[in-house]
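>>> what's the 3D shape of this:
(2 chains)
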Amino acid sequence: MPLTLERVPGQEERVVLSMGPQHPSTHGVLRLVLELDGETVVRSIYDIGYLHTGFEKSFEHLTYSQNITLTDRMDYLAPLSNNLGYCLAVEKLLDLEIPAKAQFVRVALTELTRIQSHLVWLGTHAIDIGAMSVFLYCFREREDILRIFEMVSGQRMMTSYFRIGGLALEPPLGWVERVDKFLKKFPDRIDEYEGLLTKNPIWMRRTQGVGRISGDDAVAFGVSGPSLRGSGVKWDVRKSQPYSSYDMFDFEIPTRPEGDVFARYLVRVAEMRESVKIVRQAIDGLPEGPIKADAPHIVMPERESMKTSIEALIYHFKIVTEGFHPPVGEVYHSVESPRGELGFYVVSDGSPRPFRCHVRAPSFANLQALPKLIEGRLIADVVACIGSIDVVLGEIDR
Amino acid sequence: MSGSLALRAAGTEHTYLMNADVEGHPVVKRLRDFSPEVVEDAQLFRDELTVHVPAIRLRQVCEFLRDDKELNFKYLSDVTALDHYPGEPRFETVYHLYSIENNQRLGLKVRLEGDDPRVDSMVQVWPGANAFEREVFDLFGIHFVGHPYLMRIVLPEDWEGHPLRKDYPTEGYR
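Coordinates of the predicted model:
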């Protein structure tokens, strides 16, 4: 049964338009049902679920380590942020201490993920509003970041590089130099994007004053991340509840008071600059030491040690065939993904598989504000509003 | 923190003996001041506070938590549920609240019986609960009384059963 808007009795009949799920500017498979009066949106509802694959059910039937691969596939534009959120939640459950080097590499890679995700957002958002060329600029730099991911993990997108207790592998030789080279050129590239958009009169008129939401409304709807900070609420999980040694880095939380599409654009662009600062500090101050926690019953042993040590061989066999047993309990851990508060609620009953693992997807909550943004606006603004809240349907439907 | 926890010998597996630090927690104190019986029990695990609330008082407690000047839980992070099949009470709904001003998190839990799980909807308290409650309704079959639009959200409308229930097979019914 298709989702439709019911007619209000006594009111003249209006056009009901179904936008999506195969519409290019819905950023995936989002379907909107719009009730139109001329070109003005009167009411709207959204319809999701086209990508539902039951990740939360699958979580209950895989071991804690195997589940990392599922987290990649939820928010496919920010796989490392998802890896990090899940690993930190399980590590909190296990009460594991992560070595400093692993924490710094994690911070550097998640911030590169943020830049990469914002680049995809900026390119597609600009295309939606009619600025074609920005897309090509953004994807050029995105490719550089994906090569950095490929270098550490062998994969461009579904990295699964963070493991419970640390990292999968030591970052290869030349990786730091590669990141350094990228960081040197990237601030100029942000200036290029801003040169194309920020003062562009067409861009300004398409975005300024469009899709306004107040800070209080945004909080009530559960909006988080850059979409919330574009409404003047200064809340970022990296600052308020620092994880993975974020408290050791010096960075600002950009906010804008206007709460419109343009404000959210400015916040995300400013965030890319802050991320560059964080990655710079992380690779310059990269500590020496191990990349895995000292917990042989949880962390996979080195391949070489398995050839000489019987303990390593036994631990490897146990972890692969059975998994590890965390204590009974439950944790809710959230990280700041490029889209907002990404929370993992992991419940353990002491068995090697989670009793329940729920994902608080930021896009799922942010999307609830969409009808508020578009009602009373023109249909052309709908496209700008969808782009400005930066939804990823993979994590909405899970 | 983990040292002060002990498993309760009988009853549901996910409850712990109340430890002394929990009663001194400012949020628990404030809730007890509001009404002593709203805190059924409370746990502190890895510095995370979880409070069990009776289902009939949930709406009242949530309004208090949101509007109280000291607590200020204006942000609802998450709503989800747990299925303890075949144990009873079978379901628990879980609410994760956050106070941006106080930088404080709080988990609220409500126990529900298995035959007809119903709980008040929190959409009037936090509009953001809307989609989360629909998701719980869709995947667990828990009814939220007073929800403005309680429909399936991720599954098709003609889907049978609620997949996140523990008695629903992972591979589905064939």
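
>>> Do a quick rundown of the helices in chain B.
B:20-24, B:26-34, B:58-67, B:129-140 (DSSP state H).

>>> and of those, who's closest to chain A?
helix B:129-140 (5.2 Å; CB to the nearest CB). Yep, even glycine has a C-beta here, placed from its N, CA and C like the rest.

>>> Show me the shaky parts of chain B.
Within chain B, the ranges that satisfy pLDDT under 70 run B:1-20.

>>> Go through the helices of chain B and pick out the most buried.
For these, the largest average neighbour count (mean count of other CB atoms under 10 Å in any protein chain shown) is found in helix B:129-140, namely a mean of 24.

>>> picking that back up, format the helices of chain B as CSV; extra columns: distance to B:Leu97.
Below are the helices of chain B laid out as CSV (distance: least, CB to CB, whole Å):
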stretch, distance to B:Leu97
helix B:20-24, 17
helix B:26-34, 10
helix B:58-67, 6
helix B:129-140, 11
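
>>> among those, which is nearest A:Ile213?
helix B:129-140 (15.6 Å; CB to CB).

>>> Tell me if the closest one is near chain A.
Yes. Using CB under 8 Å from any CB of the partner chain, helix B:129-140 comes into contact with chain A via B:Ala129, B:Asn130, B:Ala131, B:Phe132, B:Glu135, B:Leu139.

>>> Can you name the next helix or strand after the strand or helix carrying A:Leu112?
Assigned by DSSP states H and E, A:Leu112 belongs to helix A:100-129. Later in the chain than helix A:100-129, the nearest helix or strand by DSSP H and E is helix A:133-153.

>>> now for that following helix, which elements pack on it?
helix A:100-129, helix A:175-197 (3 or more CB pairs under 8 Å, 6 or more residues apart in numbering or on different chains; DSSP states H and E).

>>> Now do that helix against helix A:100-129, angle only.
Interaxial angle, helix A:133-153 versus helix A:100-129 (axes from the mean of the first three to the mean of the last three CA atoms, to 10 degrees): 160 degrees.

>>> re earlier: so which of the helices and strands packed on helix A:133-153 is the most surrounded?
The most buried one of the helices and strands packed on helix A:133-153 (mean count of other CB under 10 Å) is helix A:100-129, showing a mean of 24.

>>> Correct me if wrong: B:Lys74 contacts B:Arg66.
Yes. The criterion here is CB atoms under 8 Å, and B:Lys74 meets it with B:Arg66 at 6.0 Å.

>>> The closest residue to B:Val136 other than its chain neighbours pairs with what?
Spatial nearest neighbour of B:Val136, excluding adjacent residues (CB to CB, 6 or more residues apart in numbering or on different chains): B:Ala81 at 4.9 Å. With DSSP bridges applied, B:Ala81 shows beta-bridge pairing to B:Thr93.

>>> Near B:Ala81, how many other residues are there?
By the criterion of other CB atoms under 10 Å in any protein chain shown, B:Ala81 has 27 neighbours.

>>> contacting residues around it?
Contacts for B:Ala81 were tallied using CB atoms under 8 Å, 6 or more residues apart in numbering or on different chains; they are B:Phe91, B:Glu92, B:Thr93, B:Val94, B:Val136, B:Phe140, B:Ile142, B:Leu164.

>>> Which of those are buried, as a PyMOL select command?
Applied in PyMOL, the following selects the buried portion of the contacts of B:Ala81 according to 16 or more other CB atoms under 10 Å in any protein chain shown:
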select buried, chain B and resi 91+92+93+94+136+140+142+164
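
>>> Just send the contacts of B:Ala81 back as TSV, with distance to A:Ala108 too.
What follows is these, written out as TSV (distance: CB to CB, whole Å):
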residue	distance to A:Ala108
B:Phe91	42
B:Glu92	39
B:Thr93	38
B:Val94	33
B:Val136	37
B:Phe140	39
B:Ile142	42
B:Leu164	36
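
>>> Is the residue in the stretch 151-300 of chain A that chain B sits nearest to in a helix, a strand, or coil?
In the stretch 151-300 of chain A, the residue that lies nearest chain B is A:Gly222 (2.9 Å; CB to the nearest CB). For A:Gly222, the assignment made with DSSP: H, G, I helix; E, B strand; the rest coil gives coil.

>>> quick one: which of the helices and strands packed on helix A:133-153 is nearest A:Val90?
That would be helix A:100-129 among these, by CB to CB, at 14.0 Å.

>>> How many neighbouring residues does A:Lys57 have?
Applying other CB under 10 Å, we find 20 residues neighbouring A:Lys57.

>>> repeat for the one 4 residues further on
Burial of A:His61 is recorded as 12 neighbouring residues (other CB under 10 Å).

>>> so it, which of the three states?
Once three-state DSSP is applied, A:His61 turns out coil.

>>> Touching, B:Arg118 and B:His143? I think so.
Yes. Contact status for B:Arg118 versus B:His143: in contact at 4.6 Å, counting by CB under 8 Å.

>>> residue contacts, the residue nearest the centre of chain B?
Geometric centre of chain B, nearest residue: B:Val94, 2.2 Å, by CA atoms, centre = their mean. B:Val94 makes contacts with A:Tyr345, B:Asp78, B:Val79, B:Thr80, B:Ala81, B:Leu82, B:Gly107, B:Leu108, B:Lys109, as judged by CB under 8 Å, 6+ apart.

>>> can you list the residues of the stretch 1-150 of chain A near chain B?
Residues of the stretch 1-150 of chain A lying near chain B (CB under 8 Å from any CB): A:1, A:3, A:48-49, A:52, A:54, A:56-58, A:60-61, A:92-93, A:95.
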